[in-house]
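*Asks:* Give me a model of this one.
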Amino acid sequence: MSVKAEKEPICIKYLIIGIASFALLTIGHSLYKPLPDGFTVSKWDRAVMHVVEPALRVAYYYPSHMFSKASSMVQWTRSALNVLSKSLGLGVNTHGEIDIKWHNWNGTPVKVYVPLNNKTSTDGAVIFIHGGGFALGNVDMYDSLVRRMAYEMKTLFISIEYRLSPETAFPGGLNDCEAAIEHLFEFGSTQFGIDTSKVIIMGDSAGGNLATVVAQRRAARKALPRLAGQVLIYPLLQMADMQTVSYRYFHSRLDGYALVDPESVAYYYMFYAGINMDEKSYLVPSVMSNGHVADHLQNEIDEIMAYEKVIESTLTYRNSSVPKRWAVRQSLEAQQLMEPFLTNPDFSPMMRKDVFNMPPTMVVTCEFDVLRDEGMIYANRLQTAGVPTTAINYKNGFHAMLNFHSELYEASKAVTDIEQWTLNTINSVHS
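*Replies:* I've put the predicted structure just below:
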């Protein structure tokens, strides 16, 4: 064999490597979007998100926008997030000290995390309700987060697998949560040795909505035992105003990123309301401009959302300009469909008028989140009503960041803050 013949395969090999490298660089360059100033706090967090955010766009954001049916978009997003979530939280090690089992409580599946030999630091418990816009997410997607908290707090955790929309519309998921919680209150002391006056309810995003509603409904009927506290993590509390400052900032600076966006919130909330979005997707642009709000409801909504004016005048995004409110695209059809829900506190818990009897509350919000303002508004309403309330806005955080609790400093810090508040609240209860 000649020297020339020996060199040809080597040349082809390097040519292929060169082409592949060029292709990867080209794809990487086309996917690159500079993150906003202040998005994540450390160089490590920023580097991680420069990889994770484009990966999320490729995995679910771009493909989901290719479907003609909204229900197909939901199915794809569910599948993609279920797969991606398995790569997160791999660093959580409970050292075999947490016993984890599935149970069925009043027809609702729950995953129960019990410290080994029931060696808890408290005799309380935490009920965790996962997020996902009422249409996405499941207990397993949040498993590493809940395992971590159960281990670090040495406290019983119960994670609820409620039914999702569009298959199950409002109030199906809420009923599931309440059914499971009633079981805990009835049998928790005998089954796990807990003091049922030391139960905290904790919810993330749409789970924050469900946790808020459960707390409000229990308080309204004076149910005993009272909840010891509630932790609302970037909660989804209303859809009557989709032109808050945080929504408008998203349109101006975060549009196109794989973050929770106004369009998705509209779709998921309307699915939750039982509206067939495969047929009614044309209503979404009107909803995103508040065209789904009937005139006779506006004064009531404005009164509830009044603190938004304070947010608008005092909170800025590192001197980034936030566009003024844009023209409302009225839709009588959307108004008729949404009227039973917009001011119904069981659907939109922000609209509950009396919140003075709520349990001690922690509200977590994130700067780069369309839901930031509604969490702040609800926290302010609780504080004004005299409810002991701790409100923390993570200036470098974004919606769903707790799913990256093992990967990002900002998210891990938030988990530690939540754990400390929860333990303090449980331990402050005198049985």
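*Asks:* From here on, just use CA atoms for contacts and neighbour counts.
*Replies:* Noted.
*Asks:* Going along the chain from the helix or strand where Ala80 lies, find the next helix or strand for me.
*Replies:* Element membership of Ala80 [criterion: DSSP states H and E] is helix 70-85. Reading on from helix 70-85 to the C-terminus, the next helix or strand found by DSSP H and E is strand 98-105.
*Asks:* Please pull out the lowest mean pLDDT helix or strand from the chain.
*Replies:* helix 3-31 (a mean of 52; mean pLDDT, DSSP states H and E).
*Asks:* Give the next helix or strand downstream of it.
*Replies:* Helix 3-31 is succeeded, C-terminally, by helix 43-56 (DSSP H and E).
*Asks:* Just the strands from the stretch 251-400 of the chain, written as ranges.
*Replies:* 361-368, 389-398 (DSSP state E, counting those that start in this stretch).
*Asks:* who does the longest one pair up with?
*Replies:* Based on DSSP bridges, the pairing partners of strand 389-398 within the sheet are strand 361-368 (parallel).
*Asks:* how about the partner strand as PDB, C-alpha atoms only?
*Replies:* Extracted in PDB, the C-alpha atoms of strand 361-368 (Å, rounded to 0.1, in the frame of the first residue of the first chain):
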ATOM      1  CA  THR A 361     -47.300  32.500  54.600                       C
ATOM      2  CA  MET A 362     -44.100  32.500  52.600                       C
ATOM      3  CA  VAL A 363     -44.400  33.900  49.000                       C
ATOM      4  CA  VAL A 364     -41.500  33.300  46.700                       C
ATOM      5  CA  THR A 365     -41.300  35.300  43.400                       C
ATOM      6  CA  CYS A 366     -38.600  35.600  40.800                       C
ATOM      7  CA  GLU A 367     -37.600  38.700  38.800                       C
ATOM      8  CA  PHE A 368     -37.600  37.000  35.400                       C
END
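*Asks:* Just checking the distance from it to the centre of its chain.
*Replies:* Strand 361-368 has its C-alpha centroid displaced from the chain centroid by 11 Å (C-alpha atoms, centre = their mean, to the nearest Å).
*Asks:* hmm, back to that, switch the strands of the stretch 251-400 of the chain over to TSV; also include mean neighbour count and mean pLDDT.
*Replies:* Shown next, in TSV, are the strands of the stretch 251-400 of the chain (neighbours: other C-alpha atoms under 10 Å; pLDDT from 0 to 100):
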stretch	mean neighbour count	mean pLDDT
strand 361-368	24	97
strand 389-398	19	96
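*Asks:* between these, which gets nearest to Tyr61?
*Replies:* For Tyr61, the closest of the strands of the stretch 251-400 of the chain is strand 389-398, at 16.4 Å, according to C-alpha to C-alpha.
*Asks:* Beyond that closest one, next helix or strand please.
*Replies:* Once the chain leaves strand 389-398, the next helix or strand it forms, by DSSP H and E, is helix 409-427.
*Asks:* That following helix: which residues count as buried?
*Replies:* 409-412, 414-415, 418-419, 421-423, 425-427 (16 or more other C-alpha atoms under 10 Å).
*Asks:* For Ala400, the count of nearby residues, please.
*Replies:* 19 (other C-alpha atoms under 10 Å).
*Asks:* ranges for the strands of the stretch 51-200 of the chain?
*Replies:* Counting by DSSP E, counting those that start in this stretch, the strands of the stretch 51-200 of the chain are 98-105, 108-115, 125-129, 156-160, 199-204.
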